[in-house]
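> Any chance you can model this:
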Amino acid sequence: MVRTTLWWCHPLADSYTAAIAHHLSETARSHGPTETIDMYRDDTMPTGGDALVLIHPTWWSAEPAALLQGMERLPASVSYRCVMTFSTHGSPRWVNLAEGRNARRNARRNLTAHVGARRHKWVALYAMDRIDDDARSRHIDTAGRALSRELRRLRR
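Okay, here's the model as predicted:
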């Protein structure tokens, strides 16, 4: 059994980010206890566990401010074995690379160190403004498989 916390962050409750969060929440529940926190509508702080899953858009090469504020308020006593980030980008991958991949670097370096995680996994959908609904739906399925794979790995 794997204890998972999903931290999702988007100002619109009916956004594509929300759709990813709902799918990943169901996926995580099939592997064990799951705490889902909506960063825009819930002040709850994560309590720790095996996996911390971040779900957010990347705007102008950065996470939403609400997510950054949550990371800053995260108690030092909270720990996780793994951090996974699921992000969406309106721009192509090469633009994100040119901008320095700030959101990825922040999660990989700062957040994983803060919670004591030894592993960070990044799953992103790039150029989402230029793809159709079928491609978005396939990405949600891909994200679910990636989360399931990582949670099975943590169970061992």
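> can you pull out the strands in this protein?
4-8, 34-38, 51-58, 82-89, 119-125 (DSSP state E).
> give me every residue that touches the spatially most central residue of the chain.
With distances taken as C-alpha atoms, centre = their mean, the chain has residue 54 as the residue nearest its mean C-alpha position (2.1 Å). Contacts here follow C-beta atoms under 8 Å, 6 or more residues apart in numbering; on that basis residue 54 touches 7-9, 63, 67, 83-87, 107, 111. Where C-beta positions appear, they are placed from N, C-alpha and C, glycine not excepted.
> distance of it from residue 75?
Per C-beta to C-beta, to the nearest Å, residue 54 is found 17 Å from residue 75.
> hmm, back to that, as CSV, the strands of the chain with distance to residue 14 and mean pLDDT would be great.
Output for those, formatted as CSV (distance: least, C-beta to C-beta, whole Å; pLDDT from 0 to 100):
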stretch, distance to residue 14, mean pLDDT
strand 4-8, 13, 97
strand 34-38, 12, 96
strand 51-58, 14, 97
strand 82-89, 15, 96
strand 119-125, 18, 95
